[in-house]
Structures are given as structure tokens and as C-alpha cells.
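Trainee: Would you be able to build a 3D model of this:
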Amino acid sequence: MNYILAIESSCDDTSAAIISNGEVLSNKVATQEVHQNYGGVVPELASREHIQKIIPVVSAALKEAKIKTADLDAIAVTKGPGLLGSLIVGVTFAKSLAQSLNIPIIEVQHMQAHVMANFAGESKPEFPFICLTVSGGHTQLVLVKDYLNMTILGQSIDDAAGEAFDKTGKMLGLKYPSGPIIDRLAQQGQSVYEFPKSKVGKHEFSFSGFKTAVMYFLRRETDKNPKFIEQNLNNICASIQNSICETLIEKLSIAAEEYGVNTLAMAGGVSANSELRKRFNELCSANNYKAFVPPISLCTDNAGMIGMVGWYKYLDKNFSDLSIAPAPRMQF
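Mentor: Predicted structure coming up:
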């Protein structure tokens, strides 16, 4: 048995997981609640929280997997993209532990790891497939040819889908993160308001104009009725969610048809959205595509997905050395 410790600290979740033979044995995540007071992630506070939580989280992952540090064969860690201070904590810890145990260290690109979360279950996608990766900071269409062979077909040129949820939620006075709250409220409302869609390339995404349209819409309606948001909150949420999800699925559908794949997948925190999952399944059912979406626990930032990339890199002996450094803008 080979065991890999995976560490994820790219933003505001501190996570550690143990992977063996491509199976996630444990996956511990410590969420930082301190940011809720500020309506978004405060980088300095995130770094401090990672420092406090990384050792307890790693210890919990080892305990659940019923192994000790001496049993580890390698350590996989998120190199980027992400917040520099947060990445420094994870990379420094991983380098120190790997050196003390004299085992290899494996660098992982965070967005590739989101895609690889689809291989953590018993049923796994067949190559090639297209993955719609939607998170707080990134929205991408990825053509996956092999475990470690992925090509970005298109991505967000400004704000990502997750940002669109959180920032429009902030306009509505909702707590951070707003995405799950909008999802819950939308289920009690109807999509009765229309917002314009951005006109960008067929595989690209843009949500900055959408955010601006929502802002002006709310300003205009509250000028006429100061209680407009309060009285129509569920319908506003349903309309926001409908617009974002419709854009995402339309782009995915175009890419699937163009590249002739018969398997589609989703990944990233926004893939936990109930409306997006519903539309994704409808798209796949209507076109006889095979559909894959990770369980909720592997959609948001977590070390389990980092470990999946780490496992296949371990098999390829694709190791880094101790000169590895965080890369906040790391590319595919």
C-alpha cells in the first residue's frame, strides 16, 4: 500500500487528505468562518487561520486513515493558483514534512484538481470528456484527454460564476458566501426577472456585465419601492440563479457538440448548486451524454481532489524538489 498526504490551502479552507491506490481514505476540511464578518475573504486573516489549523487538520486526516507520518510515501500540495499567503502556509508545511520524512513532494494545480475530483468515486469518466469547472475564482471549459492531459477550451475573462453569486448576494444583503443562500432562497421563488447575457467568445465567460445589470436593476426598483428586495427576495434569487446557470449550460452544450464527446462532467464549488446540477443532468439526458459530478464534499476546495492529482503524478514519478514555491497565478 502506498499512502499520499494531500494538502490544500489555496484560499480560506484548510484541508488534508490521505489517498491510497487512487482512493480517498480521509478528507478533512476546516472552514474559516471569520470572513463572514467582512463579506469576502480577507487574505491576511486567511493566512493566520491556515497556520493555526494545518497541523490539527493533518493529524485528523492521518487518524481517520489509521496511519502515521512514517507510513507516508509522498506529499501532494496545492502550488497555485490562489492567495499567496495561504499558499505559502501549505507549501512550507509540505516541504518541511517531506524533508523530515525524506519522501517526495508533488506540486498540484488547483483547477486541475477540481477536474480530478470526478475520479474519486467508484464510477469514473472515460476519456476524452469535457468538464465545466465552476468555482469562486474560476470558470472554465476543460477538454480532458487523460488524467494529466487537459486543455482549457475557454474561461472567464473577468468575474467567475462563483463571484457573480457572491457579489450579487452581497447586493441583496445576504451573508458570505452567498451562493448556497441564493440556491436555497431560489427554490422558494420563480425566475421572473431577465438579465442580459454577455457577448463574448463561444467558449468564454463574462459575468462583470451581469453583476452591473443586477446592481442597476436593484437600484432602479428600490428607488420606486424601498422594500422591493425584501418583498421579492426569493424571485430575485431565482432570477439570478437562472441567468448564471443558463449561461453555463449553454456554453457547455456548445462545446460538447463541437468536440463530439459523449461524456460531460462538472467540478468546483458552484457545481454543488442544485439548479446547475438539474440543468446539467437535463442536458446530458436529452443528448444521451454520460454525466459525472463529484459528491458535494469534493466540489468545494478540499485536499481529496489534490490527492487525486497527486496519486497519478506519483505513479508517473512526477515529483518536485524542495525549490517548489507558491504560484498565485499558476496556469494549467
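
Trainee: use CA for all of it now, contacts and neighbours both
Mentor: OK.

Trainee: Distance from the chain centre to whichever strand or helix holds Glu257, please.
Mentor: Here Glu257 sits within helix 228-259, counting by DSSP states H and E. Computed by CA atoms, centre = their mean, to the nearest Å, the chain-centroid distance of helix 228-259 equals 18 Å.

Trainee: Excluding chain neighbours, what is closest to Ala291?
Mentor: Excluding its sequence neighbours, the residue lying closest to Ala291 (CA to CA, 6 or more residues apart in numbering) is Leu264, at 5.2 Å.

Trainee: Put the alpha carbons of stretch 273-280 into PDB.
Mentor: Output of stretch 273-280 as PDB, limited to C-alpha atoms (Å, rounded to 0.1, in the frame of the first residue of the first chain):
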ATOM      1  CA  ASN A 273     -25.700  24.300  -6.900                       C
ATOM      2  CA  SER A 274     -29.000  22.400  -7.200                       C
ATOM      3  CA  GLU A 275     -30.300  24.300 -10.300                       C
ATOM      4  CA  LEU A 276     -27.000  23.900 -12.100                       C
ATOM      5  CA  ARG A 277     -27.000  20.100 -11.400                       C
ATOM      6  CA  LYS A 278     -30.600  19.900 -12.600                       C
ATOM      7  CA  ARG A 279     -29.800  21.600 -15.900                       C
ATOM      8  CA  PHE A 280     -26.600  19.600 -16.300                       C
END
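
Trainee: thought Lys167 was touching Phe210?
Mentor: No - between Lys167 and Phe210 there is no contact under CA atoms under 8 Å: 10.6 Å.

Trainee: the more surrounded of those two?
Mentor: Counted by other CA atoms under 10 Å, Lys167 and Phe210 do not tie: Lys167 has more neighbours, with 23 against 19.

Trainee: picking that back up, what residues sit buried inside the helix holding Glu257?
Mentor: Residues 228-229, 233-249, 251-253, 255-256 are the ones in helix 228-259 that count as buried (16 or more other CA atoms under 10 Å).

Trainee: Repeat that for stretch 193-200.
Mentor: Using 16+ other CA under 10 Å as the test for burial, stretch 193-200 gives Phe195, Lys197.

Trainee: Over to stretch 313-322?
Mentor: For stretch 313-322, the neighbour count (16+ other CA under 10 Å) marks Lys313, Tyr314, Phe319 as buried.

Trainee: how much space between the second one and Asp73?
Mentor: Pointing back at Tyr314 there. From Tyr314 across to Asp73, the span is 9 Å (CA to CA, to the nearest Å).

Trainee: ditto for the first one
Mentor: Computed with CA to CA, the distance linking Lys313 and Asp73 is 13 Å.

Trainee: show me the contacts for the residue most central in space within the chain.
Mentor: Nearest to the geometric centre of the chain sits Gly268, at 2.8 Å (CA atoms, centre = their mean). Gly268 is in contact with His114, Val115, Thr133, Val134, Ser135, Cys299, Thr300, Asp301, counting by CA atoms under 8 Å, 6 or more residues apart in numbering.

Trainee: which of those residues count as buried?
Mentor: His114, Val115, Thr133, Val134, Ser135, Cys299, Thr300, Asp301.

Trainee: ok so the third one is a strand residue?
Mentor: Yes - under the criterion used here (DSSP: H, G, I helix; E, B strand; the rest coil), Thr133 sits inside a strand.

Trainee: I'd say it and Ile152 touch.
Mentor: No - using CA under 8 Å, Thr133 is not in contact with Ile152; the gap is 10.2 Å.

Trainee: Identify the contacts common to those two.
Mentor: Here Thr133 and Ile152 have Gln140, Leu141, Val142 as joint contacts, going by CA under 8 Å, 6+ apart.
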